[in-house]
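[1] what follows is a predicted protein model with its sequence.
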Amino acid sequence: MLKIGFGRSIKPRSFDYIPRFYDPEKERLQENIKRFEEEKANQGVFKNLIIARNCFC
């Protein structure tokens, strides 16, 4: 038989979940900036190599 009580009831569990806002446009922008910075750094290295190879010192 089912017992019905008017005393203390069981409360549902609560979790400490904090929803976060996902912005795909911002993520794409950050990836583009990172890729640009890597290309810029590599471009400087390649320029130095080209200059060093063309120098007939």
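    Happy to help now that I have it.
[2] if I look at Glu27, how far off is Asp16?
    25 Å (Cβ to Cβ, to the nearest Å). C-beta: built from backbone N, CA, C; applies to glycine.
[3] quick one, which of these two is more surrounded?
    Taking other Cβ atoms under 10 Å, Glu27 and Asp16 do not tie; Glu27 has more neighbours (10 against 4).
[4] got the contact list for the more buried one?
    Residues counted as contacts of Glu27 (Cβ atoms under 8 Å, 6 or more residues apart in numbering): none.
[5] which element is it on?
    helix 24-54 (DSSP states H and E).
[6] buried residues in that helix?
    Within helix 24-54, no residue is scored as buried using 16 or more other Cβ atoms under 10 Å.
[7] now it: average pLDDT?
    For helix 24-54, the mean per-residue pLDDT is 82.
[8] neighbours of Arg8, how many?
    With other Cβ under 10 Å as criterion, Arg8 counts 6.
[9] please apply the same query to Ile10.
    So Ile10, with other Cβ under 10 Å, has 5 neighbours.
[10] host element of Ser9?
    Judged by DSSP H and E, Ser9 forms part of no helix or strand.
[11] so how far is Arg20 from it?
    32 Å.
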